[in-house]
Structure formats: structure tokens, C-alpha cells
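J.: mind folding the following:
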Amino acid sequence: MKNPVVSIIMGSDSDLPVMKGAAEILEDLNIPYEITIVSAHRTPERMYDFAKKAEGRGIKVIIAGAGGAAHLPGMVASITNLPVIGVPIKSKTLNGIDSLYSIVQMPSGVPVATVSINGAINAGILSAKIIAISDENIKTKLINYKEYLASKVEEKAKALEDIGYEKYMEKHFESLNKPYSDKLGEECGVVGIYNNDELNTASLLFYGLYSLQHRGQEGAGIISTDGEHNYIYKKRGLVADVFNPETLSGLKGHISVGHVRYGMDNDKKTHENIQPMFVKGKRKSIALSHNGSLVNGNELKEILESEGQVFKSSVDAEIIIKLISKYEDENILDSIEKTMDLIDGAYALVIMTEKELIGIRDPYGLRPLCLGKLDEGYILASESCALDAMGADFIRDIEPGEIVIINKDGINSKYYYKKKKRASCVFEYVYFARPDSVIDGANVYEARKNAGKILAKEYPIDADMVIAVPDSSIPVALGYAEELGLPFGEGLLKNRYVGRTFIQPDQKSRERALKLKLTPLTQNVKEKKIVLVDDSIVRGTTSKRIVDQLRKAGAKEVHLRISSPPVAYSCYFGVDTPDEKQLLGATKSVEEIRELVDADSLGYISLDGLLESTGLSKENFCSACFSGNYPTSIGGL
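T.: Okay, here's the model as predicted:
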């Protein structure tokens, strides 16, 4: 085997799906290469040693995966004399001062930073061009390869001409057959029960998971313990489809934890990602349910892998549970505290051992978690609606940075983490939470109705009727109508038995399937000037379709009112958001969005108005998806 002349480096193996484009180009051209994982953050000595010795090993070009600040290619380029090509991992432009280093080492004026969507592929071609400067054989291969690519382009052009653009795209790009949701997606919901007098707490926990189904529909799971044995059942699907009386009766024990998961677009290990996670150690077993997302998860995973840990899933919950079990010689509280010292980001955790149930909320309070009381036990849950479903009394919300431990001696609380600036997710009140929940002291229904009243003051309009996009926008529409003295009516009928995703073979079939979900009530909207109230616009696809349906049903005018500001930034704390280039709020003005969705007028509630609607201090919220002001560093994400 020939010695490698190109080195592909990345901070974590999770970067491999992006970086493999470079490897494929090098393989096509028979250029020997190597793939190495080094981190400028966690293994700087290894990174320095690699950069220092690369040229001596015969490496001619280095291709480095780059996060938001391009630390890895920047630092490597500052050490070596070799050309370094930086590839943005998330197809975003490299930024930060360090990215300047990634373009200073270049032979013959060849630029080395690539920032296109096909960054890794371009990096592979560029590295080949650099090598071709001193290698006629590679130069010849490149010429032939260019001709090969040109022939492929001609083939595609011919196919486009023969079968038409739309059919060609449907055939060759599977993602186009999946209509993206025009809503942000909450990743999951968590529940835990401790009840010494109950031998099958899982049967009660089922109702808690069922009430949190809106937080995740990809899969569900429960793990229980009787103090000696653990019982596990988790599966893809909705809660009512995953569990039945037989499976629930088999989940024995006085302690149980459960989870509902929202499937992300990039899930590759769907079954393995279903929680709760479970680890059986030498001294104790741990089960864990997590709602949220770590901003330093990749770095922590890299460290654990270097220590010999093997990961089966791609979720942060497995990172957290492996960190806790790593310190199993300590008592559980010490293990958790050491883990909290390492993890950063959003996390509401429900943890179970053979002896206790534990609830933890991150120091910012980004994700919700509350405590309830049964006659002879306690419950932890993402929302208070779960407590109601299980017949528990709401006690309080878990505070940011708080650890609550429940065992046979009762309940104990410790505020472990140093005080951070509170930053609860304001989108819980906009869309995620159920309207009958109370989060951090604010009633979700009342917050939404208040938002409608404020929206009416900010963007009033004279109309015949106010209607809502069901269901989360109904309280908003009621508030809007009440404030302006306008009639509220039902203008859209929602079919609640339609699944959330359709995969159809062609555009007409997709449109037909989407119409099943929301149908205009023609008799109610015909010849009327309508105010349509919705909670958010993400990509704009749903809004445009609904406005179009209302016009076809005979509405004279459609004025769109939105109870959240324009979503302009991605979330890194457990909310499934598109890339910023797909967010209308990031790429278009309000007037451009109005034209795109074909509304007669468009009004978004102001950020101050949204925060005011909760009745809580405006300083206590994370509104990064609107403002870009993140409560903690998002590093290279």
C-alpha cells in the first residue's frame, strides 16, 4: 500500500459523513490518503504533534474539518508549512479570527479555504490540483476526471430534457419526497415515578408519556426496577402503539423512567436512539431519559472513545450516562456533580438507579422539568399536564442547576451548580408545550391568549372573522379577536388521524396528502375578510399552502398574524430547527415573506411583546432563535 500523501483530519467521527466527499474524490483519482481524528480543543498536544510531523511523513496536503470558528484547520495551518484546506462541517461560511490561518499556507497562490455546500468534494479536487503541480500522472488523471464530470453533467441535462425537471428531481433526490414540517420540533419528553407502595409504576407512567406525545412521536420507552432487577421495553412508534397491558405488566418495579422521542431529520440509528438509555455497572445500574442537547457533546464523545468507550447511538443521552457510570465508584450524587462539571448545553434529566429517582435541570433552565406528588410517591415530568394525567398534585418546577433525589427516605434537593443567568426556552409558550401546562409559574394557555391581545395592539386590522391554524394558535386567535372586538370562528378543520409525515411519489400526490391534514370550511370563510393566526413561520411552505386554500375556498382577503417573531437563527439546545439558510426569517424581509406566502398583510408579534405575554421577567428567557443571543457558547456547532 502506498504511503498517504493527503491527510483528512476531523475533530470527531461524527464529522465523517461530511468529510467522506473528499475521500471519495481521492479514491477516484487513486491518490493515497489517511483519515485521522484530532481535536484542537481536547487533544491539542496530539494535534500539534500531527501538524509538526505531517510533512516529514510525506504528506503533501491536509484537509481539515472546520466548525464555526475553524479552530482545527486554523491551528494546524499555523504550525505546518503544508497547504491546509478547511471544510465547513455544516456547510456554513467559516468565521472567526482563526479562519484566517486556514488561508495563509498555500503553494503557487492556490487558495485553501472552501466554503461551498460541496466543500469536501471541492477540497478533494483542490488537493489533487495541488499534488498535480509536481505530479504529471495526477495531472493527467485530473484532466480525464474533468471530462468524466462533464459527461455526467451532459447526462443530467439530457435527463432533465427528456422527463422534465420536477420528475428528475423526485427520482434522484429522495429528500424532496419528504415534505418538511413548517414548525420547529421539540426533541422529547421525560417522566419518572418513585412509589414504594406500587409494584408496577410503569402502568401509571404510561399515561404520563401519553400526555407528552406532542413532544415526540418517533419512539417511546420505559425502564423500571424492583430494586434487584431491571425491566426494559422501548420501540419505534407512538406511545399507544408501543405499549399494551401485557408489556406494561412486565415492567415491574416501584421506580420507572420513560421517554418519548422526536425523530431528527439526520437520525441514522433510529432504534438505538430511542430512550431511556441503560448502563449496568459493577455496583449499580443506571437508566436515563434526556430532553435537550449538549453543545460540547462531540468533544466529550471523542474523549470517551479515546478511553475505549463504544457508542451505539448518536444521542447525547448516551454521552451523559457513560460519564455518570464512569464515576460509579463514587455515590450517585458525586457522579452526577462530576458529570455536570463537564457537560454544557440544555438538559432536563430523569435518572433511575435501583434505589432512587433523580431529576436534574441544566443551570440555564433551558428545558422544562417539574415535580409532582402522589399519595405515596413522587413524579418528575417535562410538563405539568403529565402530572394531571397521572393523578398527581403539582408541587413546583425544578429550578435551574437543581438536583432532586427521591428515595425511601423522602425527597432531597441540592442546588449544585453556580448560579447562571436563567434562560428558559420561550418557544415552550409559543408552540411546544400543551396549553393546559404550567411552566415556571406561567400558564401556557393564558400566555398564548395574552400574545394574541398584544399582537392585536401591534398589528390591528378590520376583518369579518378571526380564525386559527389549529391547535396551538387557537388561544392566540381568541385573544386577538377579543382585543379588537372581532368575531372568532372556525375556518380550518384539522384531521387528527393523519400522520405527521407523508412520502409520496410525485408533487400532485404530496399536495393531495397535505390537504388531508387541514381543510378550509368554505361556508365559514367564503366572501369574508379573514385574519389567519398562526404561531410561527419557519420555511413558509405551510403558510403559503393554507393561504392558497383559503383563497380557493372564497376568502376575499387573508391577513396573516404570527404570535412569534421571525425565526432567524438555529437552535442548538434540543429543538429541531432547519439550517439558517432554510429559515425565511434569516433570508427574507417581512414584506418578502408576505409576498412569498401570498397574504394581503403580515404581522409578527415583537420580541418584547412575546416575552411580555408570559407574565414573567423578560430577562429569564432564551430567545436565541429570534435574536441570535445564545445563553452559552455554541463553539464550532
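J.: low pLDDT regions in the stretch 451-600 of the chain?
T.: Confidence mapping of the stretch 451-600 of the chain against pLDDT under 70 gives the ranges 496-516, 576-579.
J.: which parts of it are strands?
T.: Secondary structure of the stretch 451-600 of the chain (DSSP state E, counting those that start in this stretch): strands at 465-468, 492-494, 518-520, 529-534, 557-562, 575-576.
J.: quick check: Ser613 vs Ile593, distance?
T.: For Ser613, the distance to Ile593 equals 22 Å [CB to CB, to the nearest Å]. All C-beta atoms are positioned from the backbone trio N, CA, C, and that covers glycine.
J.: looking at these two, which is more packed in?
T.: A count of neighbours by other CB atoms under 10 Å puts Ser613 above the other of Ser613 and Ile593, at 26 against 22.
J.: send the alpha carbons of whichever strand or helix holds Ser7 over as PDB?
T.: According to DSSP states H and E, Ser7 maps onto strand 6-10. Coordinates of each C-alpha in strand 6-10 appear next as PDB, following Å, rounded to 0.1, in the frame of the first residue of the first chain:
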ATOM      1  CA  VAL A   6      -3.200  13.600   1.700                       C
ATOM      2  CA  SER A   7      -4.400  13.600   5.300                       C
ATOM      3  CA  ILE A   8      -8.000  14.100   6.100                       C
ATOM      4  CA  ILE A   9      -8.400  15.200   9.700                       C
ATOM      5  CA  MET A  10     -11.600  16.000  11.800                       C
END
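J.: work out the sheet partners of that strand and label each with its direction, please.
T.: The sheet places strand 6-10 alongside strand 33-37 (parallel), strand 61-66 (parallel), with pairing taken from DSSP bridges.
J.: could I have the CA atoms of the shortest one written out in CSV?
T.: Looking back up the chat, that one is strand 33-37. Output of strand 33-37 as CSV, limited to C-alpha atoms (Å, rounded to 0.1, in the frame of the first residue of the first chain):
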residue,chain,number,x,y,z
TYR,A,33,-4.9,9.3,1.8
GLU,A,34,-5.4,8.8,5.5
ILE,A,35,-8.2,9.8,7.9
THR,A,36,-7.2,10.9,11.4
ILE,A,37,-9.2,12.3,14.3
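J.: report the buried residues of that strand.
T.: For strand 33-37, the neighbour count (16 or more other CB atoms under 10 Å) marks 33, 35, 37 as buried.
J.: any idea how many residues pack against Lys284?
T.: Other residues close to Lys284 by other CB under 10 Å number 16.
J.: of all the strands paired with strand 6-10, which one is nearest Leu607?
T.: Nearest of the strands paired with strand 6-10 to Leu607, taken as CB to CB: strand 61-66 at 31.5 Å.
J.: any chance you could list what contacts that closest one?
T.: 5-11, 15, 18-19, 22, 51, 54, 72-74, 76-77, 80, 82-89, 94, 99, 102, 120, 123-124, 127, 130-131, 636 (CB atoms under 8 Å, 6 or more residues apart in numbering).
J.: recalculate using a threshold of 7 Å.
T.: Strand 61-66 has contacts (CB atoms under 7 Å, 6 or more residues apart in numbering) with 6-11, 15, 18-19, 22, 54, 72-73, 76, 80, 82-89, 94, 102, 123, 127, 130-131.
J.: the residues you listed in strands, which ones?
T.: 6-10, 84-88 (DSSP state E).
J.: hmm, who's touching stretch 383-395?
T.: For stretch 383-395, using CB under 7 Å, 6+ apart, the contacting residues are 191, 204, 207-208, 210-212, 368, 370-374, 379, 381, 433-434, 436-439.
J.: again with stretch 476-485
T.: Outside stretch 476-485, the residues within contact range by CB under 7 Å, 6+ apart are 448-453, 455-457, 460, 466-468, 487-488, 531, 533, 535, 561, 563.
J.: can you flag the buried ones in the residues you listed?
T.: Those of these that meet the buried threshold are 448-453, 455-456, 466-468, 488, 531, 533, 535, 561, 563, by 16+ other CB under 10 Å.
J.: so where's the stretch 151-300 of the chain uncertain?
T.: Applying pLDDT under 70 to the stretch 151-300 of the chain flags residues 152-187, 263-270.
J.: can you show me the helices along it?
T.: Along the stretch 151-300 of the chain, counting by DSSP state H, counting those that start in this stretch, helices occupy 165-172, 201-211, 239-242, 245-249, 297-306.
J.: three-state assignment of the residue lying closest to Ile360 once chain neighbours are set aside?
T.: Leaving aside its sequence neighbours, Ile360 sits nearest to Leu349 (CB to CB, 6 or more residues apart in numbering; 4.2 Å). Under the three-state scheme (DSSP: H, G, I helix; E, B strand; the rest coil), Leu349 adopts strand.
J.: dig out what Leu349 forms beta bridges with.
T.: His290, Ile360.
J.: report the contact partners of it.
T.: Applying CB under 7 Å, 6+ apart to Leu349 gives the contacts 288, 290, 320, 359-360.
J.: same check on Ser203?
T.: With contact set as CB under 7 Å, 6+ apart, Ser203 has these partners: Leu248.
J.: surely Leu616 meets Ala442?
T.: Yes - the criterion here is CB atoms under 7 Å, and Leu616 meets it with Ala442 at 5.4 Å.
J.: and Ala381, what are its phi and psi?
T.: Main-chain dihedrals, Ala381, degrees, to the nearest 10: phi -160, psi 160.
J.: which residues are in contact with it?
T.: Residues near Ala381 by CB under 7 Å, 6+ apart: 190-191, 208, 370, 372, 387.
J.: returning to what we had before: inside strands: which ones of the contacts of stretch 383-395?
T.: In strands, defined here by DSSP E, the members of these are 191, 370-374, 379, 381, 438-439.
J.: buried subset of these as a ChimeraX selection?
T.: Under the burial definition 16+ other CB under 10 Å, those of these that qualify are selected in ChimeraX by:
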select :191,370,371,372,374,379,381,438,439
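J.: okay if I get the ones in strands among the contacts of stretch 383-395 as TSV plus distance to Ser313?
T.: Shown next, in TSV, are the ones in strands among the contacts of stretch 383-395 (distance: CB to CB, whole Å):
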residue	distance to Ser313
Val191	20
Cys370	27
Leu371	28
Gly372	29
Lys373	33
Leu374	32
Ile379	26
Ala381	23
Val438	32
Ile439	28
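J.: the ones in strands among the contacts of stretch 383-395: which two are farthest apart?
T.: Between any two of these (CB to CB), the greatest distance is 20.8 Å, for Leu374 and Ile439.
J.: dihedrals phi and psi, the closest residue to Lys2 other than its chain neighbours?
T.: Spatial nearest neighbour of Lys2, excluding adjacent residues (CB to CB, 6+ apart): Pro32 at 4.2 Å. For Pro32, the backbone dihedrals (degrees, to the nearest 10) come out as phi -70, psi 140.
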